[in-house]
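Undergrad: Would you be able to build a 3D model of this:
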Amino acid sequence: MFSNYLIGLREGLEASLVVCILIAYLVKTGNKDKLGPLWLGVGLAAALSLAFGAGLEFGTSELTFQAQEAIGGSLSIVSVGLVTWMVFWMKRTARHMKTELQDKLDEALAMGTGALVTTAFLAVGREGLETSLFVWRSVHAAGNGAGPLVGVLLGIGSSILLGWLFYRGALKINLSKFFTWTGGMLVVVAAGVLAYGVHDLQEAEFLPGLMNKAFDVSATVPPDSWYGTLLKGTFNFQPDPTWLQVGVWVAYLVPTLLLFFGVFARTKAPAPAPAPAAPAETRSGS
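TA: Predicted coordinates for the structure are as follows:
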């Protein structure tokens with residue numbers, strides 16, 4: 001449940017901040033009459049995201065087991081790729097997001113109402129589609145039941161509240177650090193979703209090694225125990241992963257976290273050696 005809460009919070013907060021920045025800029029520049037088209041674009045983006053999520057959920061329910069696993073595994077890989085790109089992009093641009101959005105809004109205001117609706121739709125829609133896809137895979141990876149979905153809804157609700165507090169000036173936070181640390185945690189969640197996707201593809205017989213278990217701690221960590229459920233809901237932990245799952249999990253998680261936190265940052269050039277001191281002047285005896 002925690003991992004899904006984190007996804008809802010992180011993704012929802014990005015969308016909330018985008019909306020808050022757009023609204024604040026319109027109000028500040030005396031364009032309150034343009035709030036209607038802005039909210040229309042936001043509403044259309046939210047509707048598209050919900051429709052996309054519903055299509056993923058119900059559009060695959062009538063397929064064969066093998067087809068469901070193949071589609072689910074493939075979409076897991078796609079969602080992990082999108083989320084990985086997103087966390088790196090947000091870490092790099094969090095400080096400049098406000099300026100970039102305001103520049104786009106200025107261009108949209110100059111072009112007319114349709115451009116304003118489109119700008120709001122695109123700004124929020126991208127976040128919404130990413131959220132729908134990643135949430136869908138993460139909820140399925142966490143197992144059946146209402147817990148994962150409740151976690152997502154609580155995260156989105158928290159993000160809306162935080163966005164409103166930001167807008168009212170009641171809450172101040174270092175967004176760069178916030179997105180850095182939540183991005184790192186999201187990478188850990190994404191690693192679990194990726195491993196789950198690999199397992200799906202193995203069950204669909206697209207990848208080999210389904211019976212080659214790396215370990216099996218089901219007796220120690222029963223999947224139906226409270227701590228097994230906690231580990232699965234937080235880290236997508238599986239007590240009996242295959243060797244391929246473990247290999248993919250490590251191959252993704254380790255280098256991605258190292259890159260994300262700057263361990264592979266460009267090595268600084270060595271400082272130039274100090275110039276030799278000039279010889280002291282010889283004092284004349286006169």
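Undergrad: now the helices: where do they sit in the stretch 51-200 of the chain?
TA: If DSSP state H, counting those that start in this stretch is used as the criterion, the helices of the stretch 51-200 of the chain fall at 65-93, 97-111, 113-142, 147-168, 175-203.
Undergrad: quick one, the longest one and helix 97-111 angle?
TA: Compare the direction of helix 113-142 with that of helix 97-111 by axes from the mean of the first three to the mean of the last three CA atoms, to 10 degrees and you get 140 degrees.
Undergrad: rewinding a little: turn the helices of the stretch 51-200 of the chain into JSON lines, columns for mean neighbour count and distance to residue 210.
TA: Placement of C-beta: from N, CA and C, glycine included. JSON lines is the format used below for the helices of the stretch 51-200 of the chain (neighbours: other CB atoms under 10 Å; distance: least, CB to CB, whole Å):
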{"stretch": "helix 65-93", "mean neighbour count": "18", "distance to residue 210": "11"}
{"stretch": "helix 97-111", "mean neighbour count": "15", "distance to residue 210": "43"}
{"stretch": "helix 113-142", "mean neighbour count": "22", "distance to residue 210": "17"}
{"stretch": "helix 147-168", "mean neighbour count": "18", "distance to residue 210": "24"}
{"stretch": "helix 175-203", "mean neighbour count": "21", "distance to residue 210": "4"}
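Undergrad: The closest residue to residue 159 other than its chain neighbours sits in which helix or strand?
TA: Among residues not flanking residue 159 along the chain, residue 12 sits closest, at 3.0 Å (CB to CB, 6 or more residues apart in numbering). Residue 12 is located in helix 2-28, with elements delineated by DSSP states H and E.
Undergrad: Report the mean per-residue pLDDT for that helix.
TA: This predicted structure assigns helix 2-28 an average pLDDT of 80.
Undergrad: so that helix versus helix 175-203, what angle?
TA: When the same axes, to 10 degrees is applied, the directions of helix 2-28 and helix 175-203 differ by 140 degrees.
Undergrad: Before we move on, what's the pLDDT of the residue positioned nearest the centre of the chain?
TA: By CA atoms, centre = their mean, the chain has its centre lying nearest to residue 83, at 4.3 Å. Here, the pLDDT recorded for residue 83 equals 84.
Undergrad: Please name the residues that touch it.
TA: By CB atoms under 8 Å, 6 or more residues apart in numbering, the contact list for residue 83 reads 130, 134, 186, 190.
Undergrad: okay if I get these as JSON lines plus distance to residue 167 and pLDDT?
TA: Rendered in JSON lines, the data for the contacts of residue 83 read as follows (distance: CB to CB, whole Å; pLDDT from 0 to 100):
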{"residue": "130", "distance to residue 167": "23", "pLDDT": "78"}
{"residue": "134", "distance to residue 167": "25", "pLDDT": "77"}
{"residue": "186", "distance to residue 167": "24", "pLDDT": "83"}
{"residue": "190", "distance to residue 167": "29", "pLDDT": "86"}
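Undergrad: Need those residues in a markdown table (columns: distance to residue 32).
TA: Written out in a markdown table, the entries for these read as follows (distance: CB to CB, whole Å):
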| residue | distance to residue 32 |
| --- | --- |
| 130 | 30 |
| 134 | 35 |
| 186 | 36 |
| 190 | 40 |
